[in-house]
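Enquirer: Coordinates for the following, if possible.
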Amino acid sequence: MNRLFRAAATTFVLAALTAPSAAAQQQRRGFDIDAYMETLTERLSLTGEQTAEIRPMVETGMAEMRQVMMAARDGGDRQAAMTQMRELGTSTDESIEGVLTAEQIEEYRVFREEQDERMGQRRPPGR
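Expert: This is a model prediction of the structure:
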């Protein structure tokens, strides 16, 4: 009985230690604004002022996209939702570019193209 208890306890501890944390699981499911802003700041060499202006733009854009996705998931028109999401993305990009220098805009567009390519690779076939 003691051996069985020890084996069960060991299995439980190992499972707890190797399982991803709830925070890590949530990050995989959602958009990590902090990581995104850190990447943008480094990649575009944003100033503190630029970061302070851009962050609310990204937060608002993501909140609006999340609402569109939820509405589509709850029986809304998915095709219309995709169109609306593209429009929101374009609008957010344009707002962000309004804060950037010409050189930063060029790098931002390269960054966005790379993101789009990565998203296309993750998308299941037929979607």
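Enquirer: all contacts plus neighbour counts: C-alpha atoms, from now on.
Expert: Fine.
Enquirer: From Gln67, how far out is Ala102?
Expert: 32 Å (Cα to Cα, to the nearest Å).
Enquirer: okay, the residue positioned nearest the centre of the chain: pLDDT?
Expert: Nearest to the mean C-alpha position of the chain, counting by Cα atoms, centre = their mean, stands Phe31 at 2.8 Å. pLDDT recorded at Phe31 is 76.
Enquirer: One more: the one 3 residues further on?
Expert: As predicted, Asp34 sits at a pLDDT of 93.
Enquirer: for the one 10 residues further on, same thing?
Expert: At Leu44, the predicted lDDT confidence score is 96.
Enquirer: My read is that it contacts Glu107, right?
Expert: Yes. With contact defined as Cα atoms under 8 Å, Leu44 and Glu107 form a contacting pair (6.6 Å).
Enquirer: does Met37 really touch Arg55, like I thought?
Expert: Yes. Applying Cα under 8 Å, one finds Met37 in contact with Arg55, separated by 6.9 Å.
Enquirer: which neighbours do the two share?
Expert: When contacts are counted by Cα atoms under 8 Å, 6 or more residues apart in numbering, Met37 and Arg55 have no shared neighbour.
Enquirer: buried set for the longest helix along the chain?
Expert: Ranked by residue count under DSSP state H, the longest helix found in the chain is helix 48-73. By 16 or more other Cα atoms under 10 Å, the buried positions in helix 48-73 come out as Thr51, Ile54, Arg55, Met57, Val58, Gly61, Met62, Glu64, Met65, Val68, Met69, Ala72.
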